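> Sharing a model prediction with you, sequence too.
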Number of protein chains: 2
Amino acid sequence: MNLQVTQENLHKALTVVSRVADSRGSLPVLANILLRTDGSRLQITATNLEIAITKRIGSKVVTPGEITVPARLMNDFVASLPGGTITLKLDQHKLKVSSGNYQSTINGLSTEEFPEIPQINDADNLTMKTQDLKKALSQTVFAASNDDSRPVLTGVLFAPIDGALTVVATDSYRLAEKSLGTTKLKESLLLPASAAQEMLRILPDAPEETTLLTNETQVYMKAGDTELTSRLIDGAFPQYRQLLPETADISFTISRDEFINITKVASLFARESAGSITLEVDEADQSISINSVASQVGENNSKAHAKVEGGGKVTLNSRFLLEGLGAFSCEEVTFSFSGTLSPCVITGDKADSDYRHVVMPLKA
Amino acid sequence: MNLQVTQENLHKALTVVSRVADSRGSLPVLANILLRTDGSRLQITATNLEIAITKRIGSKVVTPGEITVPARLMNDFVASLPGGTITLKLDQHKLKVSSGNYQSTINGLSTEEFPEIPQINDADNLTMKTQDLKKALSQTVFAASNDDSRPVLTGVLFAPIDGALTVVATDSYRLAEKSLGTTKLKESLLLPASAAQEMLRILPDAPEETTLLTNETQVYMKAGDTELTSRLIDGAFPQYRQLLPETADISFTISRDEFINITKVASLFARESAGSITLEVDEADQSISINSVASQVGENNSKAHAKVEGGGKVTLNSRFLLEGLGAFSCEEVTFSFSGTLSPCVITGDKADSDYRHVVMPLKA
């Protein structure tokens, strides 16, 4: 292998790809990135066996070839080099990287040890506006679970529900659901939250459409010159719809900013109690108040005006409430519940009318 | 106590003062700040027994009084409140803090448990331009040691050397020395590096002078409405001058930016070897090169043009070299040494002609 690339292109590609490389795993080659000439381009790939990302950049290829090198070192090194031409030259398993007065030798590992990136054949496809996909992922992925003991909850579900494409994630304490309009999708896909997060980083801010190619076990996405392949999670997502209340006895509509502010202040006094705050709705006063008590340090009560119907109390985790409110972008939200034990449903208006967020109550 | 202050003033004061409060210590009251009315002002004080900071802000005092409350909670809470008037009202040991629709009760501790802040009587004084003091502290404090086993090295020394005020810090691996012109100072002061860092945060970017009042054990500084009191370190600072070389066999003058760049790149390959890099000076080529070797991952050689006299090699810690170079602000620096075992001296021109930085070599 002997080729030239620009520092700018190589730096950009390494930044995107090397995030996936896995330096903590048991397989040393997974901490490496694969560099491989592909016609007149240089292909750069990393994988952690769950997700693989490949990026191709323009290159002046003198001799084709391939090698794997440590992702972190290569990324840090190229990031430190001045702009301009970088020459990559392979000598046995040593990659010589030179740029002006900088010359390095990076010890590589044979590409034979690098895992094959799966190809998706006989694929179904799911096409969406790129901006819809980005917004749906960003409004749901944070609600997925980090706990590997229930793998189905660590994913983001794409499901056809009543003919509409529905994107959902839940960790069983809160649930985020986005509707994306009619779909031809027949089978649900359960995308790992980590892959959803990488998609969010890769997808451009552009008006095009993005297509997900899927088979039973894998999903593949291409955005510009970047490709992502991920395994899908196997298992049945909870039938969550039947757990959601259809009506509510109590509801209020409030400025989202003000709701966030009073919740934040209350959460400061909720550190001892694992974030527990109590929301009280007062119809006569057309206001809500949030109370939090820390036996050691003190207590807080914050109040805000709201359009209220009904009255009652519910105890919630302040972090879940704040994260839920943060997923909306509209000015006003409506919060509905039916007492201390029923799920609390937050809905928005205008741009967020296709999104709802559910937070389960805590026992007071 | 019953008084009103603005959120803006209280927030600013708490940010400066609460940093000193010590929540990890064994004395719970040190995690608190002292609030005390002082005529028509509110005095806010925190101490960790080594350093104390006090700030006074304008206040509408209805009833005088005093209390201590948890620094972190008070700071976070006031930071979250909207701008405008805040009322502080003491009821037994409970401080009621209210602002518009926000009402909190913060449990306080009696001020009797709060340590007395020492007063400095019979003080000597040391007056400098504020900007000179700031620059001297910022160019030296990072070279002080973190290792409490040799307390004298954890301080920044202010000493009269040959009639000039000299500010010095060293951890025995590197040394930073700034000269501030003639002084009437008779006795050296050894200021804890932590106090020097707080001074840097407190001192304004203004053209006035700052006076340090000192006695044998304490130093006191006032900047605007902020006061800092710190203990001094007791002990004899090393007689470092006699360890510094007066002449050098080898020296080069180089663009500081370029020297930093090639050192940074080399340091990436020096992670395995605890930052060890080898600098080689070539008089015939009028260049220097930096070499670093990581047996596992590879090696690097970076080169730069320089005005060179003499030739030779020295092995250094890349972090110490980078931090030293970062303390200068001039465009070119001169690096002088006499072989693999002698101290390396970095000097600057123009604005930095009163500063020098010494890095001890590593055994290659």
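Looks like it arrived, so ask away. Numbering: from 1, shown residues only, chains lettered A, B, ... in the order given.
> Next, the contact list for residue A:3, please.
When contacts are counted by CB atoms under 8 Å, 6 or more residues apart in numbering or on different chains, residue A:3 is found next to A:37, A:42, A:59, A:60, A:61, A:62, A:63, A:87, A:88. From N, CA and C alone the C-beta is placed, and that goes for glycine too.
> Ok, residue A:253 next?
A:306, A:307, A:332, A:333, A:334, A:335.
> Find me the pLDDT at residue A:248, would you?
The confidence metric pLDDT takes the value 96 at residue A:248.
> and it, how many neighbours?
Per other CB atoms under 10 Å in any protein chain shown, the neighbour tally for residue A:248 reads 18.
> got the phi/psi numbers for the closest residue to residue A:247 other than its chain neighbours?
Nearest residue to residue A:247, sequence neighbours excluded (CB to CB, 6 or more residues apart in numbering or on different chains): residue A:338, at 7.6 Å. Main-chain torsions, residue A:338, degrees, to the nearest 10: phi -130, psi 30.
> Please tell me how far residue A:338 sits from chain B.
As judged by CB to the nearest CB, to the nearest Å, residue A:338 and chain B stand 26 Å apart.
> Name the nearest residue to residue A:34, ignoring sequence neighbours.
residue A:45 (4.3 Å).
> what's the neighbour count on the one you found?
Counted with other CB under 10 Å, residues neighbouring residue A:45 total 24.
> For the helix or strand that it is a member of, enumerate the helices and strands it packs against.
Residue A:45 is located in strand A:41-47, with elements delineated by DSSP states H and E. The contact analysis (3 or more CB pairs under 8 Å, 6 or more residues apart in numbering or on different chains; DSSP states H and E) places strand A:41-47 against helix A:7-18, strand A:32-38, strand A:51-58.
> so what strands line up beside it?
The strands beside strand A:41-47 in its sheet (DSSP bridges) come out as strand A:32-38 (antiparallel), strand A:51-58 (antiparallel).
> a markdown table for these, including distance to residue B:22, mean neighbour count and mean pLDDT?
Listed next are the strands paired with strand A:41-47 as a markdown table, based on distance: least, CB to CB, whole Å; neighbours: other CB atoms under 10 Å in any protein chain shown; pLDDT from 0 to 100:
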| stretch | distance to residue B:22 | mean neighbour count | mean pLDDT |
| --- | --- | --- | --- |
| strand A:32-38 | 45 | 22 | 97 |
| strand A:51-58 | 44 | 21 | 97 |
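> In TSV: the ones you listed, plus distance to residue B:279.
Output for the strands paired with strand A:41-47, formatted as TSV (distance: least, CB to CB, whole Å):
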stretch	distance to residue B:279
strand A:32-38	30
strand A:51-58	34
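> residues from the stretch 51-200 of chain A in reach of chain B?
A:70, A:73, A:76-77, A:80-82, A:94-95, A:101-107 (CB under 8 Å from any CB of the partner chain).
> same thing but 6 Å
Contact residues, the stretch 51-200 of chain A versus chain B (CB under 6 Å from any CB of the partner chain): A:70, A:73, A:76, A:77, A:80, A:101, A:102, A:103, A:104, A:105, A:106, A:107.
> Tell me which of the residues you listed fall in strands.
A:70, A:102, A:103, A:104, A:105, A:106, A:107 (DSSP state E).
> Could you name the helices and strands sitting against the host helix or strand of residue A:316?
Taking DSSP H and E as the criterion, residue A:316 maps to strand A:312-317. Strand A:312-317 makes packing contacts with strand A:276-282 when contacts are defined by 3 or more CB pairs under 6 Å, 6 or more residues apart in numbering or on different chains; DSSP states H and E.
> Can you give the distance of the strand it packs on from its chain's centre?
30 Å (CA atoms, centre = their mean, to the nearest Å).
> List the contacts of it.
Residues from elsewhere that reach strand A:276-282 (CB atoms under 6 Å, 6 or more residues apart in numbering or on different chains): A:250, A:252, A:266, A:270, A:288-292, A:308, A:311-315, A:318, A:362.
> Write the PyMOL selection for whichever of those are buried.
The buried residues among those can be selected in PyMOL (16 or more other CB atoms under 10 Å in any protein chain shown) with this line:
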select buried, chain A and resi 250+252+266+270+288+289+290+291+292+308+312+313+314+315+318+362
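> Now stretch A:309-328: buried residues?
Residues of stretch A:309-328 classed as buried by neighbour count (16+ other CB under 10 Å): A:309, A:312-325, A:327-328.
> Just the element for the closest residue to residue A:326 other than its chain neighbours, please.
Excluding the flanking residues, the one nearest residue A:326 by CB to CB, 6+ apart is residue A:260, at 7.2 Å. Taking DSSP H and E as the criterion, residue A:260 maps to helix A:256-268.
> and that helix with strand B:102-107, angle?
Counting by axes from the mean of the first three to the mean of the last three CA atoms, to 10 degrees, helix A:256-268 points 10 degrees away from the direction of strand B:102-107.
> If you count neighbours, what's buried in helix A:256-268?
A:256, A:258, A:259, A:260, A:261, A:262, A:263, A:264, A:265, A:266, A:267, A:268.
> Return the closest of those residues with respect to residue A:207.
Checking the buried residues of helix A:256-268 against residue A:207 with CB to CB, the nearest one is residue A:256 at 26.8 Å.
> Okay, strands next: where are they in the stretch 51-200 of chain A?
A:51-58, A:60-63, A:66-70, A:85-91, A:94-99, A:102-107, A:124-129, A:155-161, A:164-170, A:174-182, A:189-192 (DSSP state E, counting those that start in this stretch).
> Ok, which of those strands comes nearest residue B:120?
Per CB to CB, nearest to residue B:120 of the strands of the stretch 51-200 of chain A: strand A:102-107, 54.5 Å.
> who does that closest one pair up with?
If you go by DSSP bridges, strand A:102-107 pairs up with strand A:94-99 (antiparallel), strand B:298-305 (antiparallel).
> Could you dump the ones you listed into TSV and include mean pLDDT?
Below are the strands paired with strand A:102-107 laid out as TSV (pLDDT from 0 to 100):
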stretch	mean pLDDT
strand A:94-99	96
strand B:298-305	94
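> Contact partners for the residue most central in space within chain A?
When CA atoms, centre = their mean is applied to chain A, the residue found nearest the centroid is residue A:197 (2.7 Å). Going by CB under 6 Å, 6+ apart, residue A:197 touches residue A:141.
> Please apply the same query to residue A:301.
Counting by CB under 6 Å, 6+ apart, the residues that residue A:301 touches are A:289, A:291, B:103.
> any idea how far residue A:339 is from it?
As judged by CB to CB, to the nearest Å, residue A:301 and residue A:339 stand 21 Å apart.
> And residue A:250, by the same measure?
8 Å.
> where's the residue lying farthest from the centre of chain A, which helix or strand?
In terms of distance from the mean C-alpha position of chain A, residue A:284 ranks first, at 41.7 Å (CA atoms, centre = their mean). Under DSSP H and E, no helix or strand contains residue A:284.
> What does the pLDDT read for it?
97.
> Check the one 10 residues further on too.
What the model reports as pLDDT for residue A:294 is 85.
> Wait, it touches residue A:269, no?
Yes - shown here, residue A:294 and residue A:269 form a contact pair, counting by CB atoms under 6 Å, at 4.9 Å.
> So between those two, which is more surrounded?
Legend: neighbour count by other CB under 10 Å for residue A:294 and residue A:269, higher for residue A:269 (27 against 19).
> For residue B:56, see how far away the more buried one is.
On the measure of CB to CB, residue A:269 and residue B:56 end up 28 Å apart.
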